[in-house]
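>>> Got a predicted structure plus its sequence, pasted below:
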Amino acid sequence: MKLYSGNTYWDKTLKLSKNFLSLNKNISTEVLIVGGGMSGNICANILAIHGHKVTVIEKNTLAMGSSVSNTGLLQYSSDIMLWELEEKIGREKAVLFYKMCLDAMESLTDLNRRLEMETDFIQRSSIYYASNEKDVEKIEKEFAYLSKYNFPVEFIDEKTLKKEYHMDKPCALRTWKDAEVNPYKFIEAIIYQNIQLGVEYFEETAIDLDNIESSRAYTKDHFSIDFQSIVLATGYTKIYDVIKYKAKINRSYAFSGKVNKTPPWKDSAMIWETKMPYLYFRTAKDNRIIAGGLDQKISHVEEDESIIYEKTEEIKKEIENFFPYLNIQIDYRWNALFGISKDSMPFIGRDPQNSNKYYLLGYEGNGTCYSMAGAKIINDLIQGKANPYSEILRVDRR
């Protein structure tokens, strides 16, 4: 499955310092991780820090799947509001899920502090604005819920929003403890640390995902890997049977462009909105912004460059309606696939039929946050420890 199309930006900001060999012999390991993107590498890091011997297998090139099209917004808020999630799964589970995301944000920040390479990780606040008058009630309700459970949030009225952010919208929420990152640099820095921790990597090595035995996996080139535990961190490339009727693949558009003002808006906040599909945008190094939106219920990438151009120009126009002085010059445009789930949460945890098989599938729009949360959950499960979040993300939940 092709995960993105167009001219992506992040992979132009850094040349990966190391290439890894493909697997050419039978091996054994304690934990086998299938997938060398954000989820696989964060999981390898957490497991290795806790003393596990880890091997990461990537069927193509590390960090060149969905991660390279990731727009790098890290937020504790989900695509579904807390009160909306409560209506789906109940208040206790909904609040627990949001606390998991906030905890994951803190863990991502801690991870970044441990890394030796530059990742362009910067803590930011986020502005979540009401797209229209009818969404004011939604924003007010979300503010009440987040405040009640002590999440970092404040309400911004129409006057303040216009004065401070030059945004002519009815109201907004400001959240903090969020961050922006260059996902490509972030993965490279994690890989560098993982190697120091003893993690073993193989690229251009495809696992036969349909024929994994209880303690052995096979590559498409017929080599075997014996393991004690296996983690499937394969992103959106395969919808496994256990989630088949609960997951779908959609498409989104994004661009990177230069602007003529730094910072382009107050606090370089990350900005998004209530309407669905929503517009989102953030700053980046070198007088740049990254923006995306116009999600479509289509499960393949758009190859027509004229359509990619048209869609990204539409996103640009919406941003310039707020900030006409920016003179956005787009030089990178792409579209990419992403996964959604029936209840707006990722699929993380133990396979119901195999006690040593785990899934780390960051479906929905907060994937990097879910990568960290999932890595910690799986580490606890492998070690036989209780994890407060594991039950709500079970892959066999209804």
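Nice, thanks for sending it over. Numbers count the residues shown, from 1 in each chain.
>>> The stretch 151-300 of the chain: helices as residue ranges?
Using DSSP state H, counting those that start in this stretch, the helices of the stretch 151-300 of the chain run over 158-165, 183-196.
>>> wait, K311 sits on N335?
Yes. The criterion here is Cβ atoms under 8 Å, and K311 meets it with N335 at 7.1 Å. (Glycine included, C-beta is placed from N, CA and C.)
>>> which parts of the longest helix belonging to the chain are buried?
Taking DSSP state H as the criterion, the chain has its longest helix at helix 91-114. Within helix 91-114, the residues that count as buried by 16 or more other Cβ atoms under 10 Å are 93-105, 107-109, 111-112.
>>> Below-threshold pLDDT in the stretch 151-300 of the chain: ranges please.
Applying pLDDT under 70 to the predicted model, the stretch 151-300 of the chain contains no residue that meets it.
>>> 90 instead, please
Along the stretch 151-300 of the chain, the model assigns pLDDT under 90 to residues 261-262.
>>> quick one: the strands in it?
Along the stretch 151-300 of the chain, the segments classed as strands by DSSP state E, counting those that start in this stretch run 153-157, 171-180, 200-202, 216-218, 224-226, 229-232, 247-258, 270-273, 280-284, 288-296.
>>> Would you reformat these as CSV and include mean neighbour count and distance to I330?
As requested, these are exported to CSV (neighbours: other Cβ atoms under 10 Å; distance: least, Cβ to Cβ, whole Å):
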stretch, mean neighbour count, distance to I330
strand 153-157, 17, 29
strand 171-180, 22, 19
strand 200-202, 20, 34
strand 216-218, 18, 42
strand 224-226, 17, 43
strand 229-232, 25, 36
strand 247-258, 21, 4
strand 270-273, 24, 17
strand 280-284, 24, 12
strand 288-296, 21, 9
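>>> any chance of the ones you listed in a markdown table, plus distance to L361?
Formatted as a markdown table, the strands of the stretch 151-300 of the chain follow (distance: least, Cβ to Cβ, whole Å):
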| stretch | distance to L361 |
| --- | --- |
| strand 153-157 | 28 |
| strand 171-180 | 22 |
| strand 200-202 | 21 |
| strand 216-218 | 17 |
| strand 224-226 | 20 |
| strand 229-232 | 7 |
| strand 247-258 | 8 |
| strand 270-273 | 23 |
| strand 280-284 | 22 |
| strand 288-296 | 19 |
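>>> Would you mind saying which of those lies nearest K59?
Of all the strands of the stretch 151-300 of the chain, strand 200-202 sits nearest to K59, with 9.7 Å by Cβ to Cβ.
>>> Parallel or antiparallel, list what pairs with that closest one.
Next to strand 200-202 in the sheet, as set by DSSP bridges, lie strand 54-57 (parallel).
>>> and after the partner strand, which helix or strand comes next?
Counting by DSSP states H and E, the next helix or strand C-terminal to strand 54-57 is strand 73-74.
>>> secondary structure element for the residue nearest to D103 when sequence neighbours are not counted?
Spatial nearest neighbour of D103, excluding adjacent residues (Cβ to Cβ, 6 or more residues apart in numbering): A373 at 7.2 Å. In the assignment (DSSP H and E), A373 maps to helix 367-382.
>>> for that helix, packing partners?
Under the contact criterion of 3 or more Cβ pairs under 8 Å, 6 or more residues apart in numbering; DSSP states H and E, helix 367-382 touches helix 38-49, helix 91-114, strand 347-351, strand 354-361.
>>> burial count for K18?
Number of residues near K18 (other Cβ atoms under 10 Å) recorded here: 11.
>>> helix/strand/coil for it?
Using DSSP: H, G, I helix; E, B strand; the rest coil, the structure places K18 in coil.
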